[in-house]
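A.B. asks: Structural data only, the sequence is not supplied:
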């Protein structure tokens, strides 16, 4: 949190994010913990190390949670569970780039900096589809381009937004609304 506050200077935006809205029932405590870690952007291997278990166990717990929540991917999970906030309107347009996130108890924070690069309409469409769990093949078909072009547009858009995983992207777009 201290690092976040240091970064939030005159040219940075400090935004308080809502916690993910996990359902009160249905998930076991282990599934809930694994889902929260996945939403935080941790890989299965990282979650397994933190929970002192195997990556296969984590994959099984995530799979079970996906079924209970009616989703098929981490991106769809983040899209479904992260509440939108109006504070992120400029992030989606590419006017701001995500710099860092932090969790502090019940509060989640993000810092964004002004971005020189704006999202192209095709990048925005590719990112919106990718965040909802669409495959690159289906994105390419939707955009009328090759799979490689769809991949490049999604990657370039993610770089402009300052996110590195589809989970972070989905969470960012879900928070934007």
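C.D. replies: Yes, it's here. If you're wondering where the values come from, they're calculated on a predicted model, not measured in any experiment.
A.B. asks: Return the residues in contact with residue 45.
C.D. replies: Residues near residue 45 by Cβ atoms under 8 Å, 6 or more residues apart in numbering: residue 55. (Each C-beta comes from the backbone N, C-alpha and C, glycine too.)
A.B. asks: Next up, phi/psi of it, please.
C.D. replies: Dihedral pair for residue 45: phi -60, psi -40, per degrees, to the nearest 10.
A.B. asks: So it versus residue 57, what's the distance?
C.D. replies: For residue 45, the distance to residue 57 equals 12 Å [Cβ to Cβ, to the nearest Å].
A.B. asks: for residue 78, same thing?
C.D. replies: Distance, residue 78 to residue 57, by Cβ to Cβ: 22 Å.
A.B. asks: In terms of packing, which of those two has more residues around it?
C.D. replies: Neighbours per residue, other Cβ atoms under 10 Å: of residue 78 and residue 57, the larger number sits with residue 78, 29 against 15.
A.B. asks: Touching, the more buried one and residue 167? I think so.
C.D. replies: Yes: with contact defined as Cβ atoms under 8 Å, residue 78 counts as touching residue 167 (5.2 Å).
A.B. asks: Overlap of the contact sets of the two?
C.D. replies: The contact sets of residue 78 and residue 167 overlap at residue 39 (Cβ under 8 Å, 6+ apart).
A.B. asks: all strands of this structure, in order?
C.D. replies: Per DSSP state E, the chain carries strands over the ranges 13-17, 96-104, 107-114.
A.B. asks: Show me how the record splits this protein into domains.
C.D. replies: If you go by automatic domain parsing, the domain ranges for the chain are 2-17+84-176, 29-77.
A.B. asks: tell me the contacts of residue 34?
C.D. replies: When the contact criterion is Cβ under 8 Å, 6+ apart, the partners of residue 34 are 47, 51, 58, 61, 62, 65.
A.B. asks: show me what contacts the closest residue to it other than its chain neighbours?
C.D. replies: The spatially closest residue to residue 34, leaving aside those adjacent along the chain, is residue 61, at 4.5 Å (Cβ to Cβ, 6 or more residues apart in numbering). The contact partners of residue 61, by Cβ under 8 Å, 6+ apart, come to 28, 30, 31, 34.
A.B. asks: tell me which residues in stretch 59-70 are buried?
C.D. replies: The neighbour-count check on stretch 59-70 (16 or more other Cβ atoms under 10 Å) flags 61, 62, 65, 66, 69 as buried.
A.B. asks: what's the closest of these to residue 135?
C.D. replies: Proximity of the buried residues of stretch 59-70 to residue 135 (Cβ to Cβ) peaks at residue 66, which lies at 16.1 Å.
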